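Peer 1: only the shape, not the letters, is given here:
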Ligand code: C5P
(Lines give C-alpha, C1' and ligand atoms only; values in the text may rest on other atoms or scores of the structure.)
Protein backbone atom coordinates (compact mmCIF):
# COMPACT_ATOMS: atom_id res chain seq x y z
CA UNK A 1 0.00 0.00 0.00
CA UNK A 2 1.33 3.46 -0.80
CA UNK A 3 2.10 5.76 2.14
CA UNK A 4 -0.64 8.00 3.53
CA UNK A 5 0.05 11.70 4.12
CA UNK A 6 -1.66 14.27 6.32
CA UNK A 7 -0.70 17.88 5.53
CA UNK A 8 -1.30 20.53 8.20
CA UNK A 9 -0.58 24.12 7.21
CA UNK A 10 -1.34 27.42 8.89
CA UNK A 11 0.13 30.55 10.47
CA UNK A 12 2.57 30.68 13.40
CA UNK A 13 1.24 29.50 16.74
CA UNK A 14 -2.00 27.97 15.40
CA UNK A 15 -1.17 24.76 17.29
CA UNK A 16 -0.01 22.82 14.23
CA UNK A 17 2.90 21.01 15.83
CA UNK A 18 1.02 19.98 19.00
CA UNK A 19 -1.92 18.70 16.98
CA UNK A 20 0.24 17.08 14.27
CA UNK A 21 2.30 15.19 16.86
CA UNK A 22 -0.83 13.78 18.51
CA UNK A 23 -2.38 12.78 15.19
CA UNK A 24 0.91 11.08 14.19
CA UNK A 25 1.00 9.26 17.53
CA UNK A 26 -2.54 7.95 17.12
CA UNK A 27 -1.96 6.87 13.53
CA UNK A 28 1.58 5.57 14.20
CA UNK A 29 2.82 7.77 11.34
CA UNK A 30 6.06 9.72 11.21
CA UNK A 31 5.70 13.36 12.32
CA UNK A 32 7.69 15.81 10.20
CA UNK A 33 8.04 19.33 11.56
CA UNK A 34 9.14 21.20 8.43
CA UNK A 35 9.47 24.47 10.37
CA UNK A 36 12.32 22.85 12.33
CA UNK A 37 14.19 22.35 9.04
CA UNK A 38 13.95 26.04 8.13
CA UNK A 39 14.83 26.93 11.71
CA UNK A 40 18.00 24.78 11.45
CA UNK A 41 19.19 26.94 8.56
CA UNK A 42 18.35 30.16 10.46
CA UNK A 43 20.13 28.79 13.54
CA UNK A 44 23.25 28.14 11.50
CA UNK A 45 23.14 31.71 10.14
CA UNK A 46 22.92 33.11 13.69
CA UNK A 47 25.76 30.85 14.85
CA UNK A 48 28.02 31.68 11.91
CA UNK A 49 27.04 35.35 11.85
CA UNK A 50 25.66 35.19 8.31
CA UNK A 51 23.00 37.66 7.13
CA UNK A 52 19.83 35.55 6.64
CA UNK A 53 18.78 37.53 3.58
CA UNK A 54 22.14 37.18 1.79
CA UNK A 55 21.22 34.52 -0.79
CA UNK A 56 24.71 33.44 -1.79
CA UNK A 57 26.11 33.41 1.76
CA UNK A 58 23.18 31.29 2.99
CA UNK A 59 23.43 28.92 -0.01
CA UNK A 60 27.14 28.47 0.71
CA UNK A 61 26.42 27.75 4.36
CA UNK A 62 23.78 25.13 3.48
CA UNK A 63 26.16 23.43 1.04
CA UNK A 64 29.09 23.41 3.47
CA UNK A 65 27.23 21.81 6.38
CA UNK A 66 25.58 18.46 6.74
CA UNK A 67 21.96 18.35 7.96
CA UNK A 68 20.30 15.23 9.30
CA UNK A 69 16.75 14.74 10.60
CA UNK A 70 15.56 11.91 12.82
CA UNK A 71 12.47 11.09 14.80
CA UNK A 72 13.02 11.88 18.49
CA UNK A 73 11.71 9.97 21.50
CA UNK A 74 8.85 12.43 22.16
CA UNK A 75 8.07 12.31 18.42
CA UNK A 76 9.63 15.72 17.84
CA UNK A 77 12.04 15.99 14.93
CA UNK A 78 15.68 15.77 16.02
CA UNK A 79 17.83 18.06 13.92
CA UNK A 80 21.56 17.51 13.56
CA UNK A 81 23.96 19.94 11.92
CA UNK A 82 27.38 18.32 11.33
CA UNK A 83 26.41 15.56 13.78
CA UNK A 84 25.61 18.03 16.58
CA UNK A 85 22.05 17.84 17.92
CA UNK A 86 20.79 21.45 17.63
CA UNK A 87 17.09 20.71 18.28
CA UNK A 88 17.09 22.58 21.60
CA UNK A 89 18.17 25.85 19.98
CA UNK A 90 15.64 26.04 17.17
CA UNK A 91 12.80 27.78 18.99
CA UNK A 92 14.71 30.72 20.47
CA UNK A 93 13.42 34.26 19.73
CA UNK A 94 16.66 34.94 17.77
CA UNK A 95 15.96 32.10 15.36
CA UNK A 96 12.20 32.89 15.16
CA UNK A 97 12.97 36.46 14.16
CA UNK A 98 15.15 35.42 11.21
CA UNK A 99 13.63 32.19 9.96
CA UNK A 100 11.21 33.78 7.45
CA UNK A 101 14.15 35.42 5.69
CA UNK A 102 15.91 32.12 4.96
CA UNK A 103 12.56 30.49 4.13
CA UNK A 104 12.10 32.92 1.24
CA UNK A 105 15.34 31.83 -0.49
CA UNK A 106 14.82 29.54 -3.55
CA UNK A 107 17.87 27.26 -2.95
CA UNK A 108 16.91 26.67 0.67
CA UNK A 109 13.28 25.91 -0.23
CA UNK A 110 14.20 23.57 -3.05
CA UNK A 111 16.63 21.56 -0.89
CA UNK A 112 14.24 21.27 2.05
CA UNK A 113 11.27 20.44 -0.18
CA UNK A 114 13.27 17.52 -1.66
CA UNK A 115 14.05 16.16 1.82
CA UNK A 116 10.41 16.50 2.87
CA UNK A 117 9.13 14.68 -0.22
CA UNK A 118 11.68 11.90 0.33
CA UNK A 119 10.27 11.25 3.84
CA UNK A 120 6.72 11.09 2.46
CA UNK A 121 7.73 8.65 -0.27
CA UNK A 122 8.95 6.03 2.17
CA UNK A 123 6.74 6.63 5.24
CA UNK A 124 3.17 7.53 6.09
CA UNK A 125 3.54 11.03 7.52
CA UNK A 126 1.84 13.86 9.31
CA UNK A 127 3.69 16.92 8.05
CA UNK A 128 3.13 20.46 9.25
CA UNK A 129 4.29 23.72 7.70
CA UNK A 130 3.17 26.52 5.40
CA UNK A 131 3.23 24.95 1.91
CA UNK A 132 2.69 21.24 2.50
CA UNK A 133 -0.77 20.98 0.93
CA UNK A 134 0.06 23.41 -1.87
CA UNK A 135 3.66 22.60 -2.92
CA UNK A 136 5.37 19.80 -1.01
CA UNK A 137 2.57 17.19 -1.12
CA UNK A 138 -0.14 18.48 -3.46
CA UNK A 139 -1.63 14.95 -3.52
CA UNK A 140 -1.74 14.55 0.27
CA UNK A 141 -4.45 12.19 1.50
CA UNK A 142 -5.84 14.82 3.90
CA UNK A 143 -5.14 18.56 3.93
CA UNK A 144 -5.92 20.80 6.88
CA UNK A 145 -5.50 24.56 7.20
CA UNK A 146 -5.33 25.29 10.92
CA UNK A 147 -5.86 28.81 12.28
CA UNK A 148 -6.62 30.59 15.57
CA UNK A 149 -7.01 34.25 16.43
CA UNK A 150 -3.79 36.21 16.93
CA UNK A 151 -4.19 36.75 20.70
CA UNK A 152 -4.60 33.05 21.33
CA UNK A 153 -1.69 32.19 19.06
CA UNK A 154 0.52 34.72 20.85
CA UNK A 155 -0.48 33.42 24.29
CA UNK A 156 0.41 29.87 23.25
CA UNK A 157 3.78 31.02 21.90
CA UNK A 158 4.46 33.00 25.10
CA UNK A 159 3.81 29.89 27.18
CA UNK A 160 6.13 27.87 24.90
CA UNK A 161 8.88 30.51 25.28
CA UNK A 162 8.36 30.58 29.04
CA UNK A 163 8.80 26.80 29.25
CA UNK A 164 12.10 27.21 27.37
CA UNK A 165 13.31 29.93 29.73
CA UNK A 166 12.62 33.01 27.54
CA UNK A 167 10.36 35.73 28.93
CA UNK A 168 8.94 37.77 26.06
CA UNK A 169 5.98 40.19 26.36
CA UNK A 170 2.70 39.44 24.60
CA UNK A 171 3.01 42.68 22.61
CA UNK A 172 6.44 41.72 21.28
CA UNK A 173 5.20 38.25 20.34
CA UNK A 174 2.14 39.65 18.51
CA UNK A 175 4.39 42.04 16.61
CA UNK A 176 6.96 39.44 15.55
CA UNK A 177 4.31 36.81 14.76
CA UNK A 178 2.34 39.25 12.60
CA UNK A 179 5.53 40.26 10.81
CA UNK A 180 6.49 36.60 10.23
CA UNK A 181 3.02 35.70 8.89
CA UNK A 182 3.17 38.72 6.58
CA UNK A 183 6.58 37.70 5.19
CA UNK A 184 5.44 34.06 4.86
CA UNK A 185 2.18 35.01 3.09
CA UNK A 186 3.64 37.61 0.76
CA UNK A 187 6.78 35.80 -0.42
CA UNK A 188 6.92 34.80 -4.06
CA UNK A 189 7.83 31.14 -3.57
CA UNK A 190 5.48 28.72 -1.81
CA UNK A 191 3.68 31.37 0.28
CA UNK A 192 1.61 30.54 3.33
CA UNK A 193 -1.83 29.89 1.88
CA UNK A 194 -4.54 27.30 2.05
CA UNK A 195 -4.78 24.66 -0.66
CA UNK A 196 -8.18 24.92 -2.39
CA UNK A 197 -9.06 21.42 -1.18
CA UNK A 198 -7.90 21.89 2.45
CA UNK A 199 -10.37 21.61 5.32
CA UNK A 200 -10.23 24.77 7.46
CA UNK A 201 -10.20 24.29 11.22
CA UNK A 202 -10.23 27.28 13.60
CA UNK A 203 -8.71 26.12 16.90
CA UNK A 204 -9.59 29.31 18.86
CA UNK A 205 -11.07 28.26 22.20
CA UNK A 206 -11.00 24.56 21.26
CA UNK A 207 -9.34 21.86 23.34
CA UNK A 208 -6.45 20.13 21.54
CA UNK A 209 -8.22 16.75 21.64
CA UNK A 210 -11.26 18.18 19.87
CA UNK A 211 -9.07 19.35 16.97
CA UNK A 212 -7.18 16.03 16.91
CA UNK A 213 -10.52 14.13 16.78
CA UNK A 214 -11.68 16.29 13.87
CA UNK A 215 -8.53 15.46 11.90
CA UNK A 216 -8.75 11.76 12.78
CA UNK A 217 -12.28 11.69 11.34
CA UNK A 218 -11.00 13.26 8.11
CA UNK A 219 -8.25 10.63 7.85
CA UNK A 220 -10.67 7.76 8.54
CA UNK A 221 -13.03 9.04 5.85
CA UNK A 222 -10.23 9.49 3.31
CA UNK A 223 -8.63 6.06 3.29
O1 LIG B 1 6.32 26.15 11.96
P2 LIG B 1 7.39 27.10 12.47
O3 LIG B 1 6.84 28.30 13.17
O4 LIG B 1 8.46 26.43 13.23
O5 LIG B 1 8.06 27.64 11.11
C6 LIG B 1 9.11 28.57 11.16
C7 LIG B 1 9.20 29.30 9.83
O8 LIG B 1 9.70 28.42 8.83
C9 LIG B 1 7.92 29.88 9.26
O10 LIG B 1 7.60 31.15 9.79
C11 LIG B 1 8.25 29.97 7.78
O12 LIG B 1 9.01 31.12 7.50
C13 LIG B 1 9.16 28.77 7.56
N14 LIG B 1 8.44 27.62 7.01
C15 LIG B 1 8.17 27.62 5.65
N16 LIG B 1 7.61 26.53 5.08
C17 LIG B 1 7.29 25.46 5.82
C18 LIG B 1 7.53 25.45 7.21
C19 LIG B 1 8.10 26.56 7.78
O20 LIG B 1 8.45 28.59 4.97
N21 LIG B 1 6.76 24.40 5.22
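Peer 2: Perfect, I can see it now. These numbers were taken from a predicted model, which means no experiment stands behind them.

Peer 1: could you use CA atoms for every contact and neighbour count after this?
Peer 2: Noted.

Peer 1: got the contact list for residue 1?
Peer 2: For residue 1, the contact set (Cα atoms under 8 Å, 6 or more residues apart in numbering) is empty.

Peer 1: how much space separates it from residue 221?
Peer 2: If you measure residue 1 against residue 221 using Cα to Cα, to the nearest Å, the figure is 17 Å.

Peer 1: now residue 155
Peer 2: Relative to residue 221, and taking Cα to Cα, residue 155 is found at 33 Å.

Peer 1: so between the two, which is more surrounded?
Peer 2: residue 155 (16 against 9; other Cα atoms under 10 Å).

Peer 1: in this protein, which spans are strands?
Peer 2: Listed in chain order, the strands of the chain (DSSP state E) span 5-9, 30-33, 67-71, 77-81, 84-85, 125-129, 142-147, 199-202.

Peer 1: so which bits of the third one are buried?
Peer 2: Put plainly, it is strand 67-71. Using 16 or more other Cα atoms under 10 Å as the burial criterion, the residues of strand 67-71 that qualify are 67, 69.

Peer 1: and if you look at stretch 107-124?
Peer 2: So for stretch 107-124, counting by 16+ other Cα under 10 Å, buried means 107, 108, 109, 112, 113, 115, 116, 119, 120, 124.

Peer 1: tell me the contacts of the residue most central in space within the chain?
Peer 2: Central residue of the chain (Cα atoms, centre = their mean): residue 35, 2.9 Å from the mean position. By Cα under 8 Å, 6+ apart, the contact set of residue 35 is 128, 129.

Peer 1: the bottom helix or strand of the chain by mean pLDDT?
Peer 2: strand 67-71 (a mean of 89; mean pLDDT, DSSP states H and E).

Peer 1: now do that one: distance to the chain's middle.
Peer 2: Centre-to-centre, strand 67-71 and its host chain are 14 Å apart (Cα atoms, centre = their mean, to the nearest Å).

Peer 1: kindly report the same for stretch 85-98.
Peer 2: The answer for stretch 85-98 is 13 Å, by Cα atoms, centre = their mean.
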